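Below is the sequence, then the predicted model.
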Amino acid sequence: MKKVFTLMLGITSYVGTASATVYYVDALGGSSTGTGQTWATAVKNIEQAQVLADGNAGTDDIYVKGGTLSFPGSSLVIRATNDVNVYGSFKGIDGETPATRPMMDVDGDGIIEPWEFEYPTIICSTNPNNAVSLAATIFDGFTITHVGTKTTGVMTSIVGVAGATFQNNIIKNSLVNITINGTSVYDGILIKAIGTFKNCLIEKNTVNAIVAFSTGGADKYFAPIMGITGGSTVTGCVFRNNKGIIDCSGSSAGATSSVKGVIVNLYGAATGSTYFTNSLVYNNEVVYIPGTATGVTTTLTSGCIVGTSGLGSTLSSNYILNCTIANNKTTNCANGGVFLYNNNAIVNYFENNALWNNQLGGVVKNLAINSNVTTGRVGYNVMNKGNNGTYTVAATLNNIFDLNITNVDSVTSPRFKMPTTLIGCNRVTGSADSISIAQADWRLNSATSYLIGKGIVTTNLIDKAGKTFATSPTVGAYEYDASISAVIPVNQNVSTIAYLNNRKIISYQTGNLQIYNLSGLAIWNGTVEKDQKIAMPSGCYILRLNSSREICTQKIIL
Ligand SMILES: [Ca+2]
Ligand SMILES: [Ca+2]
């Protein structure tokens with residue numbers, strides 16, 4: 001049994017104002033006429049609680065018990081008419097506070113992440129428009145799924161608000177279809193990150209953007225999964241197993257060259273600097289489907305997983321700091337992992353990031369920098385080969401390109417604790433890859449990780465786990481922490497590597513396998529997937545498997 005650690009994820013204040021009244025919501029047991037001031041007198045929905053809070057001067061809190069709140073053909077709107085903080089995922093016991101909501105390791109990765117509540121409050125919307133519109137000061141502890149289709153106009157599933165914090169939430173299993181027409185401009189279809197988005201999980205969402213320009217020349221900005229607007233911050237978030245599809249097969253004309261980061265894009269603007277920090281982006285996928293009409297490109301010319309661009313004409317900065325971006329995949333795009341761009345006076349700072357095995361059409365492409373990026377700094381990033389683009393940034397320095405693509409047995413190995421092997425998405429529930437994505441652990445497993453100490457001091461001083469970065473910071477989302485690396489010890493001679501079936505060796509685990517004969521001579525060496533069959537002559541062999549979890553050996557007679 002793995003030992004479970006709770007991470008300190010930043011400092012979160014749960015202290016309300018002195019005059020705050022708490023209003024309680026219980027979707028199952030609440031009443032439509034309750035006063036809402038205890039669990040016993042709870043109201044049924046958040047809208048009722050807002051009406052009550054509106055009648056009470058000052059900021060109030062709304063606590064919502066675990067359960068499902070359905071919005072068939074409608075959306076949850078937190079209004080700005082009176083200030084409220086809205087917290088979900090309570091067990092519903094007297095005296096419970098946001099800080100004492102029960103937590104558990106839902107995905108079994110050995111970490112209790114700040115969105116892993118034992119009694120989740122689930123919001124399901126099938127609105128053909130927004131699912132959640134926020135004007136709350138704090139919106140915390142919800143699991144949101146949006147299934148919606150819109151054929152004209154702008155749609156964003158989740159819209160933040162300046163000055164507010166959206167934290168400890170999960171956005172998953174959404175399926176959003178939207179038709180992009182020549183008059184629509186978008187900067188975030190699933191999520192428009194305005195304000196602060198902190199410690200959230202965004203997984204298994206699909207956005208299908210159907211480009212249907214009726215006139216030529218339309219060239220629209222949109223980020224299918226998340227657009228981060230100027231002056232906003234996204235930190236401590238995990239993006240995994242999301243899929244962004246841009247379908248130009250039915251487009252009569254037009255291009256999509258303004259589309260940059262399909263999973264995450266930073267749109268700087270006059271409202272201040274934009275930050276994307278301490279986040280994990282892995283096993284996401286971008287698919288561009290080209291069309292045959294005039295002006296429709298055969299590739300998404302700026303398409304990538306994470307990108308930058310600008311919507312404002314005033315000088316501002318985009319910061320991407322200490323992110324781990326790994327095993328993502330693009331198809332029919334010009335780029336793979338990250339593409340940096342500068343339009344409308346954007347200054348790009350791309351520092352201390354670990355880029356690992358991001359692929360375009362099966363070829364590693366981690367980073368591309370457009371030639372118009374001449375200011376800021378692109379430096380102190382570590383990646384395996386696959387960089388492309390023109391390096392004209394004035395302060396491009398100290399990037400390292402020889403990070404090993406395997407995770408073990410190399411000086412230049414990242415030594416991630418439990419990385420995935422799949423590139424791109426896997427949506428088959430219960431499949432080995434799907435479980436692997438959910439349980440991946442991108443912390444560092446060893447003091448010899450090649451990522452340690454390769455960074456530069458930036459404004460980002462705390463890692464995703466709440467640990468202070470070292471004087472020479474580790475690259476990626478996590479500073480190295482010796483106490484955490486010992487959670488899963490190297491396991492010698494315990495686990496079963498393989499079993500026999502029909503005179504073949506069947507691998508039981510995924511990892512790097514070496515097969516030796518009894519003379520100690522290595523006669524087979526390679527990466528194996530679970531259930532892979534290996535045919536060998538009859539004999540006696542020693543198997544040695546090196547996986548992300550352990551190193552183990554096994555004797556086998558065939
Ligand atoms: Ca109030
Ligand atoms: Ca977990």
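The structure has been received and is ready for your questions. Ligands and ions are numbered 1, 2, ... in the order given.

In the stretch 251-400 of the chain, where is pLDDT below threshold?
In the predicted model of the stretch 251-400 of the chain, residues 312, 344, 386-396 satisfy pLDDT under 70.

For ligand 2, what is the nearest residue in it?
residue 280 (12.4 Å; C-beta to the ion). For every residue, glycine as well, the C-beta is placed using N, CA and C.

check contacts around residue 518.
With C-beta atoms under 8 Å, 6 or more residues apart in numbering as the criterion, the residues that contact residue 518 are 540, 541, 542.

which one of the residues you listed sits closest to ligand 1?
residue 542 (70.0 Å).

Which element, helix or strand, includes the nearest residue to that closest one once chain neighbours are set aside?
Take residue 542 and drop its neighbours on the chain: the residue closest to it by C-beta to C-beta, 6 or more residues apart in numbering is residue 516, 4.6 Å away. Element membership of residue 516, judged by DSSP states H and E, is strand 511-517.

got the buried residues for that strand?
Neighbour counts over strand 511-517 (16 or more other C-beta atoms under 10 Å) mark 511, 512, 513, 514, 515, 516 as buried.

can you redo those as CSV with pLDDT and distance to residue 63?
Shown next, in CSV, are the buried residues of strand 511-517 (pLDDT from 0 to 100; distance: C-beta to C-beta, whole Å):
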residue, pLDDT, distance to residue 63
511, 76, 45
512, 78, 49
513, 84, 51
514, 82, 55
515, 85, 58
516, 82, 60
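
ok so, going back, are there helices or strands packed against the following helix or strand past the strand holding residue 516, and which ones?
Scanning the chain past strand 511-517 towards its C-terminal end, the next helix or strand to appear is strand 522-528 (assignment: DSSP H and E). Using 3 or more C-beta pairs under 8 Å, 6 or more residues apart in numbering; DSSP states H and E as the contact test, the elements touching strand 522-528 are strand 511-517.

what sits up against the strand holding residue 516?
For strand 511-517, the external contacting residues (C-beta under 8 Å, 6+ apart) are 406, 408-409, 497-498, 505, 507, 522-528, 534, 536, 539-548.

Show only the entries of these found in strands.
In strands, judged by DSSP state E, the following of the contacts of strand 511-517 are found: 498, 505, 507, 522-528, 534, 540-546.

Check which helix or strand the residue most central in space within the chain maps to.
Nearest to the geometric centre of the chain sits residue 239, at 1.2 Å (C-alpha atoms, centre = their mean). Per DSSP H and E, residue 239 falls inside strand 238-240.

circling back to that earlier point, how distant is the strand holding residue 516 from the center of its chain?
When distances are taken as C-alpha atoms, centre = their mean, to the nearest Å, strand 511-517 is centred 34 Å away from the chain's centroid.

follow-up on the earlier one: burial count for the residue of the stretch 251-400 of the chain closest to ligand 2?
Residues near residue 280, counting by other C-beta atoms under 10 Å, number 23.

Find the nearest non-adjacent residue to it, please.
residue 238 (4.7 Å).

Need the per-residue pLDDT for the one you found.
Predicted confidence (pLDDT) for residue 238: 98.

And for residue 230?
Residue 230 is assigned 89 on the pLDDT scale.

Find the nearest non-adjacent residue to it, please.
In space, residue 230 comes closest to residue 269 once its chain neighbours are excluded; the distance is 2.6 Å by C-beta to C-beta, 6+ apart.

list the contacts for that neighbour?
For residue 269, the contacting residues are 229, 230, 231, 310, 311, 312, 314, 316, by C-beta under 8 Å, 6+ apart.

wait, what's in contact with the closest residue to the fifth one other than its chain neighbours?
Yep, that's residue 311 we're talking about. Here the nearest residue to residue 311 in space, its sequence neighbours aside, is residue 267; by C-beta to C-beta, 6+ apart that works out to 4.5 Å. Residues in contact with residue 267 (C-beta under 8 Å, 6+ apart) are 187, 221, 223, 227, 228, 229, 230, 274, 309, 310, 311, 312.

Okay, and the beta partners of the residue nearest to residue 230?
Here residue 269 shows beta-bridge partners residue 272, assigned using DSSP bridges.

hang on, isn't residue 536 packed against residue 505?
Yes. Using C-beta atoms under 8 Å, residue 536 makes contact with residue 505 at a distance of 6.1 Å.

which residues are in contact with both of these two?
Residues touching both residue 536 and residue 505 (C-beta under 8 Å, 6+ apart) are 515, 558.

neighbour-wise, which of these two wins?
Per other C-beta under 10 Å, whichever of residue 536 and residue 505 has more neighbours is residue 505, with 24 against 15.

Hmm, residue 240 and the residue of the stretch 251-400 of the chain closest to ligand 2 touching each other?
Yes. Taking contacts as C-beta under 8 Å, residue 280 lies within contact range of residue 240: 7.2 Å.

just to revisit the earlier point, residues contacting the strand holding residue 239, please?
Here strand 238-240 makes contact (C-beta under 8 Å, 6+ apart) with 113, 200-204, 225-226, 263-264, 279-284, 437-438, 440.

any residue of it up close to ligand 2?
No. Using C-beta under 5 Å from the ion, no contact is recorded between strand 238-240 and ligand 2, whose separation bottoms out at 9.9 Å.

Return the distance of that strand from the chain's centre.
In terms of C-alpha atoms, centre = their mean, the centre of strand 238-240 is set 2 Å apart from its chain centre.

Give me the sheet partners of it and which way each runs.
The strands beside strand 238-240 in its sheet (DSSP bridges) come out as strand 201-203 (parallel), strand 280-282 (parallel).

Following the chain past it, name the next helix or strand.
strand 243-247.

which other helices and strands contact that next one?
Counting contacts by 3+ C-beta pairs under 8 Å, 6+ apart, strand 243-247 packs against strand 206-211, strand 261-268, strand 285-289.

Tell me what angle the helix or strand following the last one forms with strand 285-289.
If you walk from strand 285-289 toward the C-terminus, the next helix or strand you reach (DSSP H and E) is strand 304-310. Between the direction of strand 304-310 and that of strand 285-289, the angle (axes from the mean of the first three to the mean of the last three C-alpha atoms, to 10 degrees) works out to 80 degrees.
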